[in-house]
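**Q** Sequence first, predicted coordinates after that:
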Amino acid sequence: AQSVTQLDSQVPVFEEAPVELRCNYSSSVSVYLFWYVQYPNQGLQLLLKYLSGSTLVESINGFEAEFNKSQTSFHLRKPSVHISDTAEYFCAVRISGGSYIPTFGRGTSLIVHP
Amino acid sequence: GAVVSQHPSRVICKSGTSVKIECRSLDFQATTMFWYRQFPKQSLMLMATSNEGSKATYEQGVEKDKFLINHASLTLSTLTVTSAHPEDSSFYICSARRDSMNTEAFFGQGTRLTVV
């Protein structure tokens, strides 16, 4: 079975500072990796995903994540955050080609201060 | 992108009553939908997998008689919380897997249930 670890439950940063949200996974087979964002009292929105190919994936709002197989990580980064990036971020993993159901990390609350 | 609509977004009900939550895939067919429960400051817990035209598959520890799931069409799944109690208060989120895609599911906006 696969698992996901998000070590940081909360990450406070100042506006325009860079941020990294960490995600590590464990799996004995190849996986797909996802980052979702959840704003208060809303569902999850897909931020970006890694399926195959280039290990660096980007979202339309400036976030990027890099799949590192040797370190089994998929950390999310943004060079300069905005107040509007304040939200809960979930890393998820699922086995490629297997049952659809993803495994979610516990989430990281990104808090951007002015 | 694919849109999943969940209704209502929030509901308050009295203890002992039942509440129905709808999950619709608006622009795609979804043979399979998923229901999650999320407690404050916690991750999503999969409750059940809803399959169109057949019985739902419940995760261990989820009472199927309390959380009734019906997947009557390729675009609609419903979750009914029967005889709700305050401990059922939570955020419920559905997701739908697009039949033509096998890489990701799309999430509804969630339903905040408060049982008083």
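**A** Looks like it arrived, so ask away.
**Q** Return the per-residue confidence for B:Leu79.
**A** With respect to pLDDT, B:Leu79 scores 97.
**Q** three-state assignment of it?
**A** What DSSP: H, G, I helix; E, B strand; the rest coil gives for B:Leu79 is strand.
**Q** Please give the element, helix or strand, for the residue nearest the centre of chain A.
**A** With distances taken as Cα atoms, centre = their mean, A:Trp35 lies nearest the centre of chain A, 3.4 Å away. Using DSSP states H and E, A:Trp35 sits within strand A:31-38.
**Q** hmm, back to that, quick one: the residue nearest to the centre of chain A and A:Glu64 touch, right?
**A** No - assessed by Cβ atoms under 8 Å, A:Trp35 is found out of contact with A:Glu64, at 9.8 Å. Just so you know, the C-beta spots here come from the backbone N, C-alpha and C atoms, and that holds for glycine as well.
**Q** Please name the residues that touch the residue nearest to the centre of chain A.
**A** A:Trp35 makes contact with A:21, A:23, A:46-49, A:59, A:63, A:65, A:74, A:76, A:89-92, according to Cβ atoms under 8 Å, 6 or more residues apart in numbering or on different chains.
**Q** Other residues contacting stretch B:34-52?
**A** Identification of contacts with stretch B:34-52 by Cβ under 8 Å, 6+ apart yields A:9, A:44, A:90, A:101, A:104-107, A:109, B:23, B:30-33, B:56-59, B:62, B:64, B:67, B:69-74, B:77, B:79, B:90-97, B:105, B:110.
**Q** Drop the exposed ones from those residues and show what's left.
**A** When neighbours are counted using 16 or more other Cβ atoms under 10 Å in any protein chain shown, the contacts of stretch B:34-52 contain these buried positions: A:44, A:90, A:101, A:104-107, A:109, B:23, B:30, B:32-33, B:56, B:58, B:62, B:67, B:69, B:71, B:74, B:77, B:79, B:90-97, B:105, B:110.
**Q** picking that back up, go back to the contacts of A:Trp35 and keep what's next to chain B.
**A** A:46, A:49, A:90 (Cβ under 8 Å from any Cβ of the partner chain).
**Q** Can you name the residues bridging to the first one?
**A** So the one you mean is A:Leu46. A:Tyr36 (DSSP bridges).
**Q** so what's it scoring on pLDDT?
**A** For A:Leu46, the predicted pLDDT is 90.
**Q** what's the answer for the last one, then?
**A** According to the model's per-residue confidence, A:Phe90 sits at a pLDDT of 94.
**Q** ok, and what's touching the helix or strand harbouring it?
**A** Assessed by DSSP H and E, A:Phe90 sits inside strand A:87-95. Strand A:87-95 is contacted by residues A:2-4, A:6, A:21, A:23, A:25, A:27, A:29-40, A:44, A:47, A:74, A:76, A:100-105, A:107-110, B:43-44 when judged by Cβ under 8 Å, 6+ apart.
**Q** Pull out the buried residues from those.
**A** Among these, the ones that count as buried by 16+ other Cβ under 10 Å are A:2, A:4, A:6, A:21, A:23, A:25, A:27, A:31-38, A:44, A:47, A:74, A:76, A:100-105, A:107-110, B:43-44.
**Q** What's the first helix or strand after the helix-or-strand element of chain B with minimal mean pLDDT?
**A** Sorting the helices and strands of chain B by mean pLDDT, DSSP states H and E puts strand B:105-107 at the bottom, at a mean of 87. Next in sequence after strand B:105-107, counting helices and strands by DSSP H and E, comes strand B:111-115.
**Q** Right, I'll leave it there.
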